[in-house]
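> output the structure for:
(one chain, ligands or ions: 1)
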Amino acid sequence: MRFVSENEPAERRARPRRGVGYRVLTQDSSISFEPIDLSRNADTAVAFRRDSYVCSFGSDQAFGGADEYLEWLSDRIARQPTGHVHVWHGAKIIGQLEMLIQTTAPVKGYVNLFYLVSEARGRGHGEALHSYFLQFMQAGGAHLARLSVSPRNARALAYYRNHGWQDLGLCTDDAAVHLMEFHVA
Ligand SMILES: CC(C)(COP(=O)(O)OP(=O)(O)OC[C@H]1O[C@@H](n2cnc3c(N)ncnc32)[C@H](O)[C@@H]1OP(=O)(O)O)[C@@H](O)C(=O)NCCC(=O)NCCS
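Numbering: from 1, shown residues only. Model (predicted):
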């Protein structure tokens, strides 16, 4: 997924949604989600984002630069902090979610990143990430969510399909990725 803005709202400064969707019920009670604290965990955020490019495209060449990414992320956290969270397993950060609800009508969500560190994949934590995503979208009144995914990222594609995402095919403005859509119940 890209961090450049796709389908971003014209209204660039929605009020932060503090207090919405922090908690998610998981089978593993040691998993929690906290807004990304850039004063402490900027390096982790950059490393995870960089690795997501490797998982998606085979290299981090398209990542751009850490400074540009952190500027973008800081702005997004200020707008919707609970959409930009680190996934904690006990005292360890094992993942990251980046998503935003577009507040202009029709209200819809866009996910920029679902991420788990490699050793946390395939262990059921993906389920918790998806539950958090759902809660965030429902709390924000988004009935539809979208994301883009590289067709070479077979694991992510399987994960999204298993969770009910529909593949809309190649993105019209970026032939390197597929657009996927999810109808939020
Ligand atoms: C996407 C991500 C959050 C999913 O979490 P996860 O714990 O790996 O997900 P799951 O194990 O529940 O599901 C992955 C599915 O892919 C399958 N899979 C694993 N490796 C695969 C491969 N190489 N090719 C095809 N399918 C594969 C698994 O079998 C599983 O399907 P199943 O449940 O039907 O058996 C995680 O893989 C991740 O962080 N990946 C790196 C970052 C990334 O690519 N993010 C998405 C960017 S668009």
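> can you pull the residues of this protein lying near the ligand?
Within the chain, the positions near the ligand by C-beta under 6 Å from any ligand atom are 1, 52, 55-56, 114-116, 121-122, 125-126, 129, 149, 153-156, 158-159, 162. C-beta here means a position set from N, CA and C on the backbone, and glycine is covered the same way.
> quick check: mean pLDDT across the one helix or strand residue 170 maps to?
Here residue 170, judged by DSSP states H and E, is contained in strand 166-171. Across strand 166-171, pLDDT averages out at 93.
> before we move on, what about stretch 104-115?
94.
> any low-confidence regions in the chain?
1-29 (pLDDT under 70).
> that one: strands as residue ranges?
Per DSSP state E, the chain carries strands over the ranges 31-35, 84-89, 92-102, 108-116, 144-149, 166-171, 174-183.
> bridged to residue 100, which residues?
Here residue 100 sits in beta bridges with residue 110, as judged by DSSP bridges.
> for this structure, what's the longest helix?
helix 38-57 (DSSP state H).
> other residues contacting that one?
1, 3, 36, 59-63, 66, 69-70, 73-74, 77, 86, 93, 95-96, 113, 115, 117, 149-150, 152-153, 155-156, 176 (C-beta atoms under 8 Å, 6 or more residues apart in numbering).
> quick one on the thing from earlier: make TSV out of the strands of the chain and add mean neighbour count.
Below are these laid out as TSV (neighbours: other C-beta atoms under 10 Å):
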stretch	mean neighbour count
strand 31-35	19
strand 84-89	21
strand 92-102	22
strand 108-116	23
strand 144-149	21
strand 166-171	13
strand 174-183	16
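> can you redo those strands as a markdown table with distance to residue 46?
Shown next, in a markdown table, are those (distance: least, C-beta to C-beta, whole Å):
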| stretch | distance to residue 46 |
| --- | --- |
| strand 31-35 | 16 |
| strand 84-89 | 12 |
| strand 92-102 | 10 |
| strand 108-116 | 12 |
| strand 144-149 | 20 |
| strand 166-171 | 25 |
| strand 174-183 | 21 |
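> which of the contacts of helix 38-57 fall within helices?
66, 69, 70, 73, 74, 77, 155, 156.
> what about the second one, neighbour count?
The tally of other residues near residue 69 (other C-beta atoms under 10 Å) stands at 18.
> now swap in the third one and tell me
The burial count assigned to residue 70 is 16, neighbours taken as other C-beta under 10 Å.
> which one is it nearest to, not counting chain neighbours?
Setting aside the residues directly before and after it, residue 70 is nearest to residue 42 in space (C-beta to C-beta, 6 or more residues apart in numbering), at 5.8 Å.
> what about the one you found, distance to the ligand?
Distance of residue 42 to the ligand, computed by C-beta to the nearest ligand atom, to the nearest Å: 19 Å.
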